[in-house]
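# Sequence plus predicted model, see below.
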Amino acid sequence: MKNVLQNNPILQIWREANHPLEYLVALWLTGLASLAITGWLYLVANFILNPSMFDNVTWGLIDTLGN
């Protein structure tokens with residue numbers, strides 16, 4: 001686990017940043033990665049704790065093919 005935390009690609013971007021623009025890009029990537037992770041965690045938690053929430057989910061094109 002220590003190896004995964006130390007050789008993380010996001011962490012390497014922060015280590016190699018030298019210019020303010022590179023820090024801005026690193027901040028942007030870190031924000032997007034954290035949004036993606038928290039979004040998936042929210043979906044998985046709701047799927048486990050509240051599966052009835054997904055009863056009325058439509059899957060876009062797949063639902064309209066039969067009509």
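Alright, I've got the coordinates.
# Show me what the host helix or strand of Leu43 is packed against.
Here Leu43 is covered by helix 20-49, with elements defined by DSSP states H and E. The elements that helix 20-49 packs onto, with contact taken as 3 or more Cβ pairs under 8 Å, 6 or more residues apart in numbering; DSSP states H and E, are helix 9-16. Glycine gets a C-beta too; all of them are placed from N, C-alpha and C.
# Just want the angle from the helix it packs on to helix 20-49.
Helix 9-16 and helix 20-49 are oriented at 160 degrees to each other (axes from the mean of the first three to the mean of the last three Cα atoms, to 10 degrees).
# Pull helix 9-16 out as CSV, backbone CA atoms only.
Output in CSV follows, covering the C-alpha atoms of helix 9-16 (Å, rounded to 0.1, in the frame of the first residue of the first chain):
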residue,chain,number,x,y,z
PRO,A,9,0.5,9.4,-10.9
ILE,A,10,-1.3,12.4,-9.4
LEU,A,11,1.4,12.7,-6.7
GLN,A,12,4.1,12.5,-9.4
ILE,A,13,2.4,15.4,-11.3
TRP,A,14,2.6,17.5,-8.1
ARG,A,15,6.2,16.6,-7.5
GLU,A,16,7.3,17.5,-11.1
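# Give the burial count for Val44, as a bare number.
By other Cβ atoms under 10 Å, 10 other residues sit near Val44.
# now Tyr42
For Tyr42, the neighbour count with other Cβ under 10 Å is 10.
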